[in-house]
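Asks: Everything below, folded, please.
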Amino acid sequence: MGALVNDVISHEGIAMLNHLTPPQIRAPFAHYSHGVEVTAGARLLFVSGQLGIDPNDHIPDGAEAQARLCFGNIDAVLAEAGMTRADIIRFNAYVTARDHLPGYMRARDAFIAGIEPPPASTLMIVSGFAREEFVVEVEAIAAAAPHEG
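Replies: Numbers count the residues shown, from 1 in each chain. Model (predicted):
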């Protein structure tokens, strides 16, 4: 009984990532992989939890709007590291109520649309954040090939 593995070839023909969805456990509930193995030599990026706030300190109402800002912030950090959405290997997301799950999921699914196989993902309901206006926080981990030269 082996795991279903999808290798992503990303650097000089060497598989940098192995996405794992073992057949002996239940399939993922949504668009994510159960596990992602990063092989030796990859660059790792850990993106701190991002909140739904814009550069002018505006916090929109609703989980979907806040999640879109969270993912936009993650895009900016990825770009600063010379990475893309396709390099994300894991999300950890937090919402303050079960009612926020659909809005968060719409934003997340739009953000990773077309990325196959998808990253690993965890979504938790928490009691709150530093400011009560925040209803979503998202952190990410990404891995990519080493910088050239």
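
Asks: where does this structure dip in pLDDT?
Replies: Where the chain drops to pLDDT under 70, the residues are 1-15, 149.

Asks: does the spatially most central residue of it count as helix, strand or coil?
Replies: The C-alpha lying nearest the average C-alpha coordinate of the chain belongs to residue 91 (C-alpha atoms, centre = their mean; 3.2 Å). Using DSSP: H, G, I helix; E, B strand; the rest coil, the three-state assignment for residue 91 comes out as strand.

Asks: check contacts around it.
Replies: 32, 108, 119, 120, 121, 122, 138, 139, 140 (C-beta atoms under 8 Å, 6 or more residues apart in numbering). Glycine gets a C-beta too; all of them are placed from N, C-alpha and C.

Asks: Let me see the ranges of the helices in the chain.
Replies: Assigned by DSSP state H, the helices in the chain fall at 63-80, 101-111.

Asks: Burial-wise, tell me which of the ones you listed comes out on top.
Replies: helix 63-80 (a mean of 20; mean count of other C-beta atoms under 10 Å).

Asks: still on that earlier bit, please name the bridge partners of the residue nearest to the centre of the chain.
Replies: When assigned by DSSP bridges, residue 91 has beta-bridge partners residue 121, residue 140.
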